[in-house]
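**Student:** Fold the following and give me the result.
(4 chains)
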Protein chains: 2
Amino acid sequence: MISQARSHSVKRIADSTVRRLSAYLRFLEESAVDGVETISSDALARRGGTTSAQVRKDLSFFGSFGKRGLGYSVPELTSSLRDILGLGREWNVIIVGAGKIGMALGQYEGFEQRGFHVTAVYDTDPGKIGTQWGSILVRDMSRVEADIAEVTPDIAVLAVPVGEAQDAADRLIRAGVKAILNFAPTQLQVPGDVSVRNVNMAMELEGLSFILSNRDR
Amino acid sequence: MISQARSHSVKRIADSTVRRLSAYLRFLEESAVDGVETISSDALARRGGTTSAQVRKDLSFFGSFGKRGLGYSVPELTSSLRDILGLGREWNVIIVGAGKIGMALGQYEGFEQRGFHVTAVYDTDPGKIGTQWGSILVRDMSRVEADIAEVTPDIAVLAVPVGEAQDAADRLIRAGVKAILNFAPTQLQVPGDVSVRNVNMAMELEGLSFILSNRDR
DNA sequence: ATACACTTGTGAATGATTTCACAAGCTCGG
DNA sequence: CCGAGCTTGTGAAATCATTCACAAGTGTAT
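**Tutor:** Below you'll find the predicted structure:
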């Protein structure tokens, strides 16, 4: 048994580490398709844009998964990483906001593939409620509390206009949601036991704008 | 004159700093709408989920913008931040990939509002080429090099399927693109003079999954 | 059975970022 | 004009993250 994920003590794991673990997992999955059986920290690093020491350090927080002289078994490390990232189960996800982004997300296959099951999409617009997009039915936002009381979703994806984002978040949190993926370009105010991740395209573009503006000084 | 953006020496500015500057700018714009004239680092911090010392340190890399005892002038700091972030001009953006995400992005008003002008959308699918979505016409990807030779876009947004992302990036880079906003869930391999920002929804969900799985140990 | 080439796991060192803490500057009221 | 009350700007300290460097395993070839 090489795998021993989570037997380690609980130092707080940095966000950057978790992101890299995701990246390693993706690359491992690609490698498995190509029939690779074993992979070194160096190969993993090159592909992920980091260093081999970083890869080994990241993994060392959770256990020891490799064989000296040889590297890591692709299927074993894949399985360990899934386990570490909590992907060993299905997560229920609701999407709030059936605009362009909400609907694009609802139909994105990548979610289901990784165990994120979209159980419902909500909107307040009567013109949208009841419409079907692929396999997804848009439900009335006024029902969201009642629905959540029955089956609490693990994660809520917020894809509403910026002006409605805080209100929507407050409702979801009051109803018991503990994790939000926020697409609205605003910093949500949430209690400490609620986790938020932001996806903010304007901010990313501004980051590029900054880099381009400051390239050469 | 309080504003003195960019007169400072050029320590490398951390990515995290730039993201926070974006957040401050957004909040300043909201405050201006509410008629606020002056704001303290503490108010800025509370709203942005950071500390007042962090706000002041972030700004101090670029100059000194406040008045002791009073805080920052909202319009002056807004203008300074715009300047720092390189938002004093229009940036030309092309979108590559006219799938759901590409089209949602193309129609997102937030881009134009902040000076990111979408000049073209490209796809390889003959069924999509020539179609019009709002004001945006989908063009033939095979023309992209010729178009770029005429007017180099400042930023390319990559919204193609993961299997095509690296090839598309290579083409764009060969044609002279120096900044890419990548929505494909893959780590692009690019030369050192090309800047890439990644937006990866699966990775964000996995980050939440990790947090939810490790909450209580 | 041994030597060799390779790769991990991890303390220690370095580097980067955040927080602390406080002098200095500004405004306002009297 | 002076003192009280705020708030900035910034070195120094503390914390956090990455890189270095190497002992300790592992597989392979002879």
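**Student:** Show me how the record splits chain A into domains.
**Tutor:** For chain A, automatic domain parsing gives the domain ranges A:15-84, A:91-203.
**Student:** can you tell me which of the ones you listed comes nearest to DNA strand D?
**Tutor:** Of all the domains of chain A, domain A:15-84 sits nearest to DNA strand D, with 2.4 Å by C-beta to the nearest atom of the strand. Where you see a C-beta, it was placed from the backbone N, CA and C, and this is true even at glycine.
**Student:** now the end-to-end length of that closest one.
**Tutor:** This stretch, domain A:15-84, spans 14 Å end to end (C-alpha to C-alpha, to the nearest Å).
**Student:** That domain and DNA strand C, are they touching?
**Tutor:** Yes - for domain A:15-84 and DNA strand C, the contact criterion (C-beta under 7 Å from any atom of the strand) is met by A:40-42, A:52-53, A:56-57, A:59-60, A:64-72.
**Student:** Make a PyMOL selection of whichever of the residues you listed turn out to be buried.
**Tutor:** Selection of buried members from the residues of domain A:15-84 next to DNA strand C for PyMOL, criterion 16 or more other C-beta atoms under 10 Å in any protein chain shown:
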select buried, chain A and resi 40+41+56+59+65+66+71+72
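**Student:** follow-up on the earlier one: now render the domains of chain A as a markdown table, adding mean pLDDT.
**Tutor:** Formatted as a markdown table, the domains of chain A follow (pLDDT from 0 to 100):
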| stretch | mean pLDDT |
| --- | --- |
| domain A:15-84 | 97 |
| domain A:91-203 | 95 |
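**Student:** Could you list the buried residues of stretch A:184-194?
**Tutor:** A:184, A:185, A:186, A:187, A:188, A:190, A:194.
**Student:** Just list the residues touching the residue nearest to residue A:132 when sequence neighbours are not counted, thanks.
**Tutor:** Among residues not flanking residue A:132 along the chain, residue A:138 sits closest, at 7.6 Å (C-beta to C-beta, 6 or more residues apart in numbering or on different chains). Residue A:138 makes contact with A:98, A:121, A:122, A:123, A:128, A:129, A:130, A:131, A:132, according to C-beta atoms under 8 Å, 6 or more residues apart in numbering or on different chains.
**Student:** Strands of chain A, residue ranges please.
**Tutor:** A:38-39, A:66-67, A:71-73, A:91-96, A:116-123, A:132-133, A:136-140, A:155-158, A:179-182, A:195-198 (DSSP state E).
**Student:** What lies in contact with the last one?
**Tutor:** This points to strand A:195-198. Contact partners of strand A:195-198, identified using C-beta under 8 Å, 6+ apart, comprise A:178-182, A:187-188, A:190, B:204, B:207-208, B:211-212.
**Student:** So which of those is the closest to residue B:167?
**Tutor:** residue B:204 (25.1 Å; C-beta to C-beta).
**Student:** In contact with the closest one, which residues?
**Tutor:** By C-beta under 8 Å, 6+ apart, residue B:204 lies in contact with A:181, A:197, A:199.
**Student:** The second one: how many residues sit nearby?
**Tutor:** Residue crowding around residue A:197 was assessed by other C-beta atoms under 10 Å in any protein chain shown; the count is 20.
**Student:** interface residues of chain A facing DNA strand D?
**Tutor:** Proximity of chain A to DNA strand D is confined to A:12, A:14-17, A:50-51, A:53-54, A:56-57, A:67-70 under the rule C-beta under 7 Å from any atom of the strand.
**Student:** Looking at those residues, spot the one nearest residue A:84.
**Tutor:** Taking those together and measuring to residue A:84 by C-beta to C-beta, the closest member is residue A:17, at 10.2 Å.
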